[in-house]
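Undergrad: I'd like to go over a predicted model; first the sequence, then the structure.
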Amino acid sequence: YTTAEDSFRNALAKDDTRPEAYTGLSKVYQAQDNADKAERLFTSALKKQGENIELYRACIKFYIRSDQKEKIPELLDEADSSISDALPEYIVKTPKFSLDDGEDYDDVQQLKLTAASGCKIYYTKNKKKPTTGSRKYTGPIQIEEGDTTIYAIAVNKAGIPSLPVRKSYTVELPIEDAPAVSPSTGQYSSAQEIEIKVPDGYTAYYTMDGSTPTTSSEKYTDPIDMPENSQTTFSAILVNDKNGKATEVTTRNYITTY
């Protein structure tokens, strides 16, 4: 290894633009399980030779050889446009998202991802950058209530990925106000019925002992007779049938003298 390293370094001393010398020296380092040193060899040289297309090509092949293909799009993204234009076979277009980010949605959404022909898509929902070990896209992604961040990459047949694309979505499902309950709080001397106005898509629950109603409480189906000769604290909520969210509580206090 020492002899080989000396030979390649001598070659670089004579002409430090030759990609073959960098490739040969990087293989010496890789053979000694020192891929980091091999990478530094290329990155250091590219800082000085930012327009050396063949040196970029050699670095890309090193990344492929060392199973670090995810670094290829970052390398080309930081390079001058003339470099990326000269190496189109290593440029993979990013996936397209069917939903725009930066706006709030009031219902669960279906997000579709598309990529160039022959490419596979991988994505994450945990704010981590995706790799080919991440979840593979096979169909629309359901964007649930709350905040969701989707990271996605496209990967071509050669296993080279695109740059990651990140989009964030917010879904806030609407909630009705506290239910309308009639009659209003007061004292009554004649028979009354308690009525809850229930909008479409909601179910009402109530209690008559002052406790806070839940979905385990009595379900409202028809008007309720107000208890005779009593003091009653009537409480009601609405629960969304789709997402299970409850509204605030409406409370009425009744005194009956009949």
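TA: Thanks, I have it. Numbers count the residues shown, from 1 in each chain.

Undergrad: going forward, measure contacts and count neighbours with C-alpha atoms only.
TA: Noted.

Undergrad: Arg166 contacts Ala152, correct?
TA: Yes. Counting by CA atoms under 8 Å, Arg166 does reach Ala152; the two are 6.7 Å apart.

Undergrad: so which of these two has more stuff around it?
TA: Ala152 (30 against 18; other CA atoms under 10 Å).

Undergrad: isn't that one right next to Val165, touching?
TA: Yes. If you go by CA under 8 Å, Ala152 and Val165 touch, sitting 5.3 Å apart.

Undergrad: which residues are in contact with both of the two?
TA: Counting by CA atoms under 8 Å, 6 or more residues apart in numbering, the residues touching both Ala152 and Val165 are Pro95.

Undergrad: would you mind pulling up the elements that the lowest-mean-pLDDT helix or strand in the chain packs against?
TA: Least confident helix or strand of the chain, by mean pLDDT, DSSP states H and E, is strand 104-105 with a mean of 90. In terms of contacts (3 or more CA pairs under 8 Å, 6 or more residues apart in numbering; DSSP states H and E), strand 104-105 is packed against strand 165-171.

Undergrad: partner strands of the strand it packs on, parallel or antiparallel?
TA: Strands that pair with strand 165-171, judged by DSSP bridges, come out as strand 104-105 (parallel), strand 146-155 (antiparallel).

Undergrad: which of those strands sits closest to Ala13?
TA: Closest to Ala13 of these, according to CA to CA: strand 146-155, at 38.1 Å.

Undergrad: in the closest one, what counts as buried?
TA: By 16 or more other CA atoms under 10 Å, the buried positions in strand 146-155 come out as Thr148, Thr149, Ile150, Tyr151, Ala152, Ile153, Ala154, Val155.

Undergrad: Ala180: what's it in contact with?
TA: Ile196, Lys197, Thr250.

Undergrad: now list the buried members of these.
TA: Among those, those classed as buried by 16+ other CA under 10 Å are Ile196, Thr250.
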